[in-house]
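S.K.: pasting the sequence and the predicted model now:
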Amino acid sequence: MSIALFRIDDRLIHGQVVVGWGQPLELRFIVLVDDEVAGSEWEQELYRMGVPPEMTVHFVTVAEAAAQLPAYAQQAQPGIVLVGDIGTMQRLVLAAPGLVPTVNVGGVHHAPGRLGKLRYVFLTPAEEQGLRDIASHGVVVTAQDVPSARAVPLEEFLAASGAD
């Protein structure tokens with residue numbers, strides 16, 4: 001499969017994704033799945049500025065991503081599917097049954113109502129349930145901020161409190 005990573009990161013495209021994951025995985029494309037960004041040329045241009053020229057960015061809606069996942073998986077070079085929140089990943093998993101084998105929770109940062117699980121994962125009870133729902137579809141869910149870190153299994157990080 002040419003999709004090397006399915007990642008939830010509320011910062012979307014930033015250095016940790018482009019350099020931290022992009023270089024070791026030799027990524028050549030990013031599929032940014034966000035219904036609002038897919039419709040905003042201005043936001044797309046901002047995100048493009050953070051991507052090196054050898055990397056292509058596709059801005060798509062959840063429905064477009066679900067329809068195009070088989071084509072992305074057939075690409076000759078590896079890529080990443082990137083969403084900004086748990087709800088978007090839930091919708092993608094439901095819209096593309098069996099096409100999302102794993103999900104990396106890479107950055108869900110502090111906000112009102114969220115409790116710390118790891119130093120880079122803060123969740124509301126609804127978001128915790130959303131991750132469990134994703135896993136209930138046969139998707140392996142782990143938290144991992146950078147490739148050199150240990151992938152923390154879902155139930156382990158949901159049981160955690162505070163920093164790791």
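M.R.: Cool, the structure landed. Computed from a prediction, not measured in an experiment: that's the story for all the values here.
S.K.: tell me how far stretch 35-44 is from the chain's mean position?
M.R.: In this view, stretch 35-44 has its centroid 17 Å away from the chain centroid, taken as C-alpha atoms, centre = their mean, to the nearest Å.
S.K.: buried residues in that stretch?
M.R.: 37, 38, 43 (16 or more other C-beta atoms under 10 Å). Every C-beta, even on glycine, is put in place using the N, C-alpha and C of the backbone.
S.K.: my read is residue 47 is in a helix, agree?
M.R.: Yes - counting by DSSP: H, G, I helix; E, B strand; the rest coil, residue 47 falls inside a helix.
S.K.: from the chain's centre, how far out does stretch 58-77 sit?
M.R.: Average the C-alpha atoms of stretch 58-77, do the same for its chain, and the two points are 14 Å apart (C-alpha atoms, centre = their mean).
S.K.: just the helices in the chain please.
M.R.: Along the chain, the stretches classed as helices by DSSP state H are 15, 22-25, 35-38, 41-48, 62-73, 86-95, 125-135, 154-159.
S.K.: and residue 76, how far is that from residue 96?
M.R.: According to C-beta to C-beta, to the nearest Å, residue 76 stands 21 Å off from residue 96.
S.K.: now swap in residue 141 and tell me
M.R.: The separation that residue 141 has from residue 96, given C-beta to C-beta, amounts to 16 Å.
S.K.: more neighbours: which of these two?
M.R.: Taking neighbours as other C-beta atoms under 10 Å, residue 141 and residue 96 compare with residue 141 leading, 25 against 18.
S.K.: can you tell me, leaving aside adjacent residues, what's nearest to the more buried one?
M.R.: Closest residue to residue 141 apart from its sequence neighbours, by C-beta to C-beta, 6 or more residues apart in numbering: residue 154 at 4.2 Å.
S.K.: what sits against the one you found?
M.R.: Applying C-beta atoms under 8 Å, 6 or more residues apart in numbering to residue 154 gives the contacts 131, 132, 135, 141, 142, 143.
S.K.: does the first one touch residue 141 like I think?
M.R.: Yes - under the criterion of C-beta atoms under 8 Å, residue 131 is in contact with residue 141, at a separation of 5.5 Å.
S.K.: let me know the closest of the contacts of residue 154 to residue 87.
M.R.: residue 131 (10.6 Å; C-beta to C-beta).
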